[in-house]
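>>> Dropping the sequence and predicted coords here.
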Amino acid sequence: MSDNLSAVPAFTSFRAWLESLRLRTLPLACASVITGSALAWHAGHFDPAVALLTLLTTALLQILSNLANDYGDAVKGSDTPDRLGPLRGMQKGLISLKQMRFALALSVALTLIAGVTLVVRACQSLGDILGFLALGALAIVAAIAYTVGKKPYGYLGLGDLSVLVFFGWLGVVGSFYLQTHRLHLLAFLPATGCGMLAVAVLNVNNMRDIDSDRRNGKFTLAVRLGACNARYYHAMLLSGALLCFGVYAKLAMLDASGWLFLLSAPLLFGQARFVIKHTAAAAMRPVMEKTVKATLLVNLLFAIGLAMN
């Protein structure tokens, strides 16, 4: 009897940590590496070891960002019971500030280890080593500074730009460069498409919490745009992503298989129509997970199409 009772708090704490880790967002990290690696494959320079190390480093950065987000919002009191999104472990009182600080330090350490290993394994020149170490350090700072600090940029409406840079341009083009050791300007087209889909995930999250964010001084881009314009912005992100992938397929002269990503078009347009039609913030609750899955699907189809070419 006593053993069963003592197991309940541990189980609850475990669930709290899972909530704070937000493992369901990891496909966002995977999507950029998948697309970058597919571009490397298409260029004839795919390196599976580098791809796996890049995937590990990116996933750890995503986890670090998730934990820092919970920590920053909890310290600032932004995640209140009146928000529509789920309350995390810190807001529920199941994870202390000390525990979260330790988790953040551990995440930074693991990310550094994975990142340095990746750079040593992939880079062939001192310039590349120093450049990617600097980019890695910038990514860690950006992951933490999103909600942590006196003036977190996530509270200023700059989160969308950060996601585009790190989940799009840096994630895709960086993965491509680490395997091919060259820069291809065309790669920025699918990188932008991938980034726009990741921004769409953030935008759904911000639309869901738009009212509580406004009340608590968290001026995300959705708050600044307003509920109506944020919905049209979401539709623009989804359609713009498909356009970027399409322009790349055209300029790279891919055959029919290179257009496989268009199979996801009905799903994206259906989601855009749903978001525009349903104006209640509560309607955004199930849309975030669907957007994450759609992001992964588009990038997988694009990668498969490149492999078939």
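Nice, thanks for sending it over.
>>> Can you classify G217 by secondary structure?
coil (DSSP: H, G, I helix; E, B strand; the rest coil).
>>> Kindly tell me how buried it is, as a neighbour count.
Residues contacting G217 under the criterion other C-beta atoms under 10 Å number 11. Bear in mind the C-beta positions are built from the backbone N, C-alpha and C, glycine included.
>>> Could you do the one 5 residues further on as well?
The local packing count at A222 equals 30, with neighbours defined by other C-beta under 10 Å.
>>> Excluding chain neighbours, give the residue nearest to it in space.
Leaving aside its chain neighbours, A222 sits nearest to N206 (3.7 Å; criterion: C-beta to C-beta, 6 or more residues apart in numbering).
>>> now K290
K290 sits nearest to Q271 (C-beta to C-beta, 6+ apart), 6.4 Å away.
>>> Tell me the helix or strand right after whichever strand or helix holds that neighbour.
Per DSSP states H and E: Q271 is located in helix 265-277. Later in the chain than helix 265-277, the nearest helix or strand by DSSP H and E is helix 287-308.
>>> Summarise which helices and strands that following helix is packed against.
helix 26-42, helix 188-208, helix 227-251, helix 265-277 (3 or more C-beta pairs under 8 Å, 6 or more residues apart in numbering; DSSP states H and E).
>>> ok, and for stretch 217-228, which residues are buried?
Of the residues in stretch 217-228, K218, T220, L221, A222, V223, L225 count as buried by neighbour count, 16 or more other C-beta atoms under 10 Å.
>>> What are the contacting residues of stretch 280-292?
The contact list for stretch 280-292, computed with C-beta atoms under 8 Å, 6 or more residues apart in numbering, reads 24-25, 27-28, 84-85, 197, 200-201, 204-205, 207-211, 227, 271, 274-275, 278.
>>> Between the two ends of it, what distance do you get?
End-to-end distance of stretch 280-292 (C-alpha to C-alpha, to the nearest Å): 20 Å.
>>> now swap in stretch 244-264 and tell me
With C-alpha to C-alpha as the measure, the ends of stretch 244-264 fall 14 Å from one another.
>>> what's the offset of that stretch from the middle of its chain?
23 Å (C-alpha atoms, centre = their mean, to the nearest Å).
>>> again with stretch 292-306
Taking mean C-alpha positions (C-alpha atoms, centre = their mean), stretch 292-306 and its chain are 15 Å apart.
>>> Dihedrals phi and psi, A122?
Phi and psi for A122, reported as degrees, to the nearest 10, are phi -100, psi -40.
>>> pretty sure it is touching V50, no?
Yes - with contact defined as C-beta atoms under 8 Å, A122 counts as touching V50 (4.6 Å).
>>> intersection of neighbour lists for these two?
With C-beta under 8 Å, 6+ apart as the test, A122 and V50 both reach L178, Q179.
>>> so what secondary structure elements neighbour whatever helix or strand D160 lives in?
Per DSSP H and E: D160 is located in helix 159-164. If you count contacts as 3+ C-beta pairs under 8 Å, 6+ apart, helix 159-164 packs onto helix 188-208.
>>> got the angle between the helix it packs on and helix 26-42?
Our comparison of helix 188-208 with helix 26-42, counting by axes from the mean of the first three to the mean of the last three C-alpha atoms, to 10 degrees, yields an angle of 170 degrees.
>>> Let me see the mean pLDDT of helix 188-208.
Per-residue pLDDT over helix 188-208 has a mean of 96.
>>> Please compute how far that helix lies from its chain's middle.
Mean-position distance between helix 188-208 and its chain equals 8 Å (C-alpha atoms, centre = their mean).
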